[in-house]
Each structure stands twice: as structure tokens, then as C-alpha cells.
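> Please work out how this folds:
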Amino acid sequence: MGYDLVTLGAIAACDSTKLGKKMYRYGPLNIDISGEGSLRGLICEEFVESNLTKDIDICIIFNQKPEKYREDVFSGKSSLHFNNEIICINRSPFFSIYIENLFSKYKTVRVYIVEKSAPLQYIAESYIKALFSAQNDSIVKTIKSEIMSYKYMLSILSICLIKKGACFIHAGIFSSDERRYIVTGTGGCGKTSSVLYNCNLGFKYYAEDFGIICSEGKVYYSPKSITLFKSDMDYYPKLERDILKKRPLLTRVKWNFLTRILNRNTFLKVFPTELFNVGEGDSLNVECDFIYMRRENKDTTDIMGIDSLDVARRASLAAIREMSPFLEIICGIEANKKNNTNIYSYNRILNEVENIIKSYLDNSNVNKFILTTSLNMPPKKIMDKIHNGNLSK
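A predicted model of the protein is given here:
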């Protein structure tokens, strides 16, 4: 027996099951969202509304399947199959995703998200997960988080950005009127804490995790929700209080129980516009400090210059690492494809991202550094070193 999302009463506060076609954007990408379903309204919140009605890069369509799709090649079991133009990922009990024209340079990418009736076993497991989550307090929110993760949508967006001469960079980005800062690195290097520290001082927010840069030297605002762990907010108790005030009573109770009683480093997701003054695009001649941040077993913070090739390689690898769940799918397709199947290989995606980062560095007024600090260095000490260290001198 199966249960769909609507039957389970898992729709968010607003009824998003019947909404007309609307236009959105994500950095330089223009996105058309249409169709019906319980997930649509929550997914739309992750994009910026737009009035543009032409030059569409991506169409996201809910609860419709692509016309005349026929499975041609299977990668392993039936959870992944594809033909020359369409990929079907059928790994969730709650939804299937069809991706059309993802690797076609001049065609609009179409992403079909089709809700499914899930067996009771998966419903029960999801309810238990929601019980111990302060953020995802319903099944539909849990599913939305999965769709909007690097496992699916963020990696799809990343490949679409490449086709526009832009790329995703795993970075926190913030800016004053005189200077832009891009702090990149692998997870846990200090991106989020750097963004929180500086944007609380009045810097404009551009990204906390999913940074967007283009080869011409421009930075775009990324609307991706900010994931704030308890360990991040321990440095900013007022921020924690302000965020919790806006959350439902049940969320506040669960947060206090998980963090204070069970001592868990749980998280909440917050839209950037809830917290900060966000930017829309710096002028190309703004001076930029591009900082690759890493941790070592040491008590000091050291900053050294680094050349463009080295930092572009490091930053591209840090970005591609985040896309690993989706790149596993790409590898499965590449391993089983027919000779005429159009697909970007893992190496091509890595090289494209690296080249775009290198072009950004060459076409911008950029100072490049590698910053090495200890694992538990407070964000204030790190940023004091950056701001007071005269990096560009």
C-alpha cells in the first residue's frame, strides 16, 4: 500500500498544490517553474522571483513526465536509466526526477519532478527522522531538502552554470563597498563562520556555501538557504535567539531538547534575506581577496600568497567534492552509455570549473592567498588576521 504526500497531510503552511507558471532566477540562470504538487511551493522558495519571460535556461515541471520517454540504457538496476537526451533517477520512494537536455549546450534543460506513493515503511522512517530534526519537521520538508541538495538540484544548477560561462564555487562570499572577499575550501574550513562574522558587521551577503562566479569576473548573489549548525551559532547567541523567535513553538522546543539535553550539533536553515543585506552583483573593478582556507594541527594563523593555477585547482576540487553524489550518477551513465550519448565526464566538469575559476582570477582585480589556521580557531581571530593583516600589501 502506498501513501502520497497530500494524503499524509505533509503540505507546508501555504497550499502550493495549484500555482500558475512563474519565473525565477538563480545567479545568471533564468528558470521557469510550472506544474502542480505539494512540493512546488517549498522548492520555489529557494529561487529569486523574476519578471524575465525569455531566454529560459531551465524549466522545472512538477508531476509531469517527459513525453515519449523510453528507457534505453540501465545503469545497474532500474533506479537509473537514460537515453540520448533524458536521464531518469528513481532512487527515492517519494519522487522520481527526469532531466532532459542537461548536456546540450543550446537547448533548455527540463527537470521533471514526479511525486510517488511511498510504502508505509518509508513513511515511518521519515517520520522518525523528522522527530529528531529541528529543521525538517514534516516529510515534505525532508523531501524538499533532499531535492535541493547537491544530490540533485544544486548539481544540476552547477552543470547549467558551466554552460553559461559561470560556475559554482564552494565558498562564502561577502563584500564592502571597497572590497570583495571570497573564502573557499572544503567543508568545515570556516566559510560559514566567516560569512556570519562579517555580515553581522554590515558586509553585503552573496553566498555562504554555493558561491557563483563567472569567467568575466562577476559574482552573483546565491539564494541558497544557509545551514546554521549549533556550533556556528554558539559564537552569535543573539543571532540564535533572533532566528528561534521566528520559528514555531515545536521547532523551538525540539531545538532546545536536541542541543541542550542531547547535546547534538543540530542545524536550522535560514534564507539569507532573513538575516542580511544581500548583494546583486559587484562592479568588475572591485578589489577582491580570494582566500583558500585550510585547517592544521597548530595554534597560529598563517597567510601566504598563492598563484592562480594552484588556488584554481584547489578551489575546483573543493567544489567538485560537494557534487560527489550526483557525479556518482554521471560516472554510472558514462560507464554504460552508448557511443553517441552526449554527457559531460567527471574530468570535463572538473576541468571546466577549474578553467572558469582561473578566468575569473585573470579578469578580476584579485589578491590570492592561502590561509592556514587551527581546527578550533574562533572566527573573530581569523577575520581580524584577514582585515588587519593588510593582505593586499
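
> quick one, what contacts residue 207?
Contacts for residue 207 (CB atoms under 8 Å, 6 or more residues apart in numbering) come out as 171, 172, 173, 195, 221, 222, 224. Backbone N, C-alpha and C define where each C-beta goes, glycine included.

> Swap in 6 Å and give it another go.
173, 222 (CB atoms under 6 Å, 6 or more residues apart in numbering).

> likewise residue 227?
Applying CB under 6 Å, 6+ apart, the residues near residue 227 are 267, 269.

> quick one: the strands in the stretch 251-393 of the chain?
267-270, 287-296, 302-305, 366-374 (DSSP state E, counting those that start in this stretch).

> typo on my end, the stretch 1-150 of the chain
2-3, 22-26, 29-35, 48-49, 58-62, 73-74, 80-82, 86-89, 95-100, 109-115, 118-119.

> quick one: the last one to chain centroid distance?
Meaning strand 118-119. A distance of 28 Å separates the centroid of the chain from that of strand 118-119, by CA atoms, centre = their mean, to the nearest Å.

> who does that strand pair up with?
The strands that strand 118-119 pairs with in its sheet are strand 2-3 (antiparallel) (by DSSP bridges).

> For stretch 351-359, list the C-alpha coordinates in CSV.
The C-alpha trace of stretch 351-359 is given here as CSV (Å, rounded to 0.1, in the frame of the first residue of the first chain):
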residue,chain,number,x,y,z
ASN,A,351,38.4,21.0,-15.9
GLU,A,352,35.5,23.3,-16.8
VAL,A,353,35.2,24.6,-13.2
GLU,A,354,38.9,25.0,-12.9
ASN,A,355,39.2,27.0,-16.1
ILE,A,356,36.3,29.3,-15.2
ILE,A,357,37.8,30.0,-11.7
LYS,A,358,41.2,30.7,-13.4
SER,A,359,39.5,33.1,-15.9
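
> What lies in contact with that stretch?
Residues contacting stretch 351-359 (CB under 6 Å, 6+ apart): 162, 167, 215, 308, 312, 313, 315, 316, 319.

> for this protein, which spans come out with low pLDDT?
Scanning the chain for pLDDT under 70 picks out 1-21, 76, 137, 281-285, 389-393.

> Would you indicate which residues of the longest helix seen in the chain are buried?
If you go by DSSP state H, the chain has its longest helix at helix 346-362. For helix 346-362, the neighbour count (16 or more other CB atoms under 10 Å) marks 349, 350, 352, 353, 354, 356, 357, 358, 359, 360, 361 as buried.

> ok, now stretch 317-332?
318, 319, 320, 322, 323, 326, 327, 329, 330, 332.

> tally of neighbours for residue 243?
Neighbour count of residue 243, defined by other CB atoms under 10 Å: 20.

> which residue sits closest to residue 327, ignoring its sequence neighbours?
With sequence-adjacent residues excluded and distances taken as CB to CB, 6 or more residues apart in numbering, residue 327 is closest to residue 346, at 5.5 Å.

> Between the contacts of stretch 351-359, which sits nearest residue 89?
residue 162 (19.6 Å; CB to CB).

> you'd agree that closest one is in a strand?
No - read with DSSP: H, G, I helix; E, B strand; the rest coil, residue 162 is helix and lies in no strand.

> Residue 104 and residue 337, how far apart?
Remark: distance between residue 104 and residue 337 (CB to CB, to the nearest Å) = 15 Å.

> the more surrounded of these two?
Comparing residue 104 with residue 337 by other CB under 10 Å, the one with more neighbours is residue 337, at 17 against 13.

> Do a quick rundown of the helices in this protein.
According to DSSP H, the helices that the chain contains are 40-44, 120-131, 139-147, 153-163, 191-199, 230-233, 237-245, 249-256, 272-275, 308-322, 324-336, 346-362, 379-388.

> Show me which of those helices has the highest average neighbour count.
Using mean count of other CB atoms under 10 Å, the stretch among the helices of the chain with the largest mean neighbour count is helix 191-199, at a mean of 24.

> tell me what it is packed against?
In this structure, helix 191-199 packs against strand 166-175, helix 379-388, with contacts taken as 3 or more CB pairs under 6 Å, 6 or more residues apart in numbering; DSSP states H and E.

> sorry, back to before: roughly how far apart are the residue nearest to residue 327 and residue 153?
Per CB to CB, residue 346 is found 19 Å from residue 153.

> Distance from stretch 312-325 to the middle of the chain?
13 Å.

> And the helices and strands packed on helix 191-199: which comes nearest residue 253?
With CB to CB, the closest approach to residue 253 among the helices and strands packed on helix 191-199 belongs to helix 379-388: 28.6 Å.

> Next, the angle strand 366-374 makes with that closest one.
Here helix 379-388 runs at an angle of 150 degrees relative to strand 366-374 (axes from the mean of the first three to the mean of the last three CA atoms, to 10 degrees).

> hmm, who's touching helix 379-388?
193, 197, 235, 301, 373.

> of those, closest to residue 181?
residue 197 (10.9 Å).

> excluding its backbone neighbours, what's nearest the closest one?
residue 379 (4.5 Å).

> same check, this time on residue 163
residue 105 (5.6 Å).

> Likewise for residue 279?
residue 204 (3.9 Å).

> can you check residue 313 too?
Per CB to CB, 6+ apart, closest to residue 313 is residue 354, 6.0 Å.

> Give me the distance from stretch 175-193 to the chain's centre.
With CA atoms, centre = their mean, you get 15 Å for stretch 175-193.

> can you list the domains in the protein?
According to automatic domain parsing, the chain is divided into the following domains: 2-148, 166-225+271-388.

> just so I know, which of these lies nearest residue 257?
domain 2-148 (8.7 Å).

> Now find how far off-centre that closest one is within its chain.
On CA atoms, centre = their mean, the centre of domain 2-148 falls 15 Å from the chain's centre.

> do the same with stretch 343-362
Counting by CA atoms, centre = their mean, stretch 343-362 comes out at 18 Å from the chain centroid.

> do stretch 159-167 as well
14 Å.

> so can I have CSV of the buried residues of stretch 317-332 showing distance to residue 240?
Below are these laid out as CSV (distance: CB to CB, whole Å):
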residue, distance to residue 240
318, 28
319, 29
320, 33
322, 26
323, 30
326, 32
327, 35
329, 37
330, 38
332, 41
